[in-house]
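Student: Show me how the following folds:
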Amino acid sequence: MTLVLLDNAAVLVFALSGALVASRAQMDIIGFFFIACLTAVGGGTIRDVLLDRNPVFWIANPTPLAVACGAALVVFFTAHLFENRMKMILWLDAVALAIAVAAGAGVAQSLGHGTSIVLVMGVATGTLGGLMRDVVCNEVPLVLRQGELYITAAFAGAGAAILASLVFTAPTAPLLACIATCLILRAGSLRFGWRLPVYKPRPPRT
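Tutor: Numbering: from 1, shown residues only. Below is the predicted model of the structure:
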């Protein structure tokens with residue numbers, strides 16, 4: 001039940017960010033629905049396909065699609081009220097990332113997978129929906145922005161879930177550890193400019 005709630009929460013927040021990106025691209029209402037749904041369920045769909053979860057979570061229960069379309073409709077009529085939509089997108093995306101990584105890692109753990117699969121599924125669930133959104137909308141993917149802690153935050157969050165599952169017996173401990181770790185790192189990157197080293201080309205040696 002907890003994992004279902006996390007999936008739905010991630011769907012809602014990712015749908016809001018997707019619809020805001022659609023507003024920046026000046027799409028019609030159908031475009032809003034499409035981008036919101038793509039962003040909201042993209043990562044979870046790939047996770048379920050790779051883990052052979054049948055049926056995929058939004059096919060088993062179409063509620064996430066309704067949630068995503070509802071969020072898109074709200075944003076369609078209210079996006080103009082935000083002075084800085086890009087800033088709102090970044091922070092919504094950060095919250096959605098943390099929740100989705102926890103959901104992805106939690107699903108993999110619940111199926112008994114090992115460390116490497118938990119890490120990959122956490123990162124995939126958290127990042128691939130936003131990556132699809134940005135590519136379709138012809139935006140520079142947030143995942144690939146120079147030096148920003150995005151995939152790193154997702155990876156660290158999934159790792160925190162694994163460590164917490166070894167230390168604590170409470171079933172919610174790994175999920176909370178994942179969300180906290182991922183959100184702190186991503187928020188730190190946005191608020192304080194935390195960065196990874198970026199490759200800088202050098203002239204060839206003669």
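
Student: Could you use CA atoms for every contact and neighbour count after this?
Tutor: Noted.

Student: after the lengthiest helix in the chain, next one along is what?
Tutor: The longest helix of the chain (DSSP state H) is helix 85-110. For helix 85-110, the following helix or strand on the C-terminal side (DSSP states H and E) is helix 115-136.

Student: just how off-centre is that next one within its chain?
Tutor: 7 Å (Cα atoms, centre = their mean, to the nearest Å).

Student: Packing partners of the following helix or strand past that helix?
Tutor: Next helix or strand after helix 115-136 toward the C-terminus (DSSP H and E): helix 151-167. Helices and strands touching helix 151-167, by 3 or more Cα pairs under 8 Å, 6 or more residues apart in numbering; DSSP states H and E, are helix 85-110, helix 115-136, helix 173-192.

Student: Going by contacts, tell me the helices and strands next to the first one.
Tutor: This means helix 85-110. Partner elements for helix 85-110 (3+ Cα pairs under 8 Å, 6+ apart): helix 2-24, helix 29-50, helix 115-136, helix 151-167, helix 173-192.

Student: picking that back up, what is the rounded mean pLDDT of the longest helix of the chain?
Tutor: What helix 85-110 shows for mean pLDDT is 96.

Student: about what we covered before: ok, which of the helices and strands packed on helix 151-167 comes nearest Leu38?
Tutor: Within the helices and strands packed on helix 151-167, the stretch nearest Leu38 is helix 115-136; the backing value is 6.4 Å (Cα to Cα).

Student: which residues are contacting that closest one?
Tutor: Residues outside helix 115-136 that contact it (Cα atoms under 8 Å, 6 or more residues apart in numbering): 14, 18, 21, 35, 38-44, 46-47, 93, 96-106, 108-109, 140-143, 151, 154-155, 157-159, 162.
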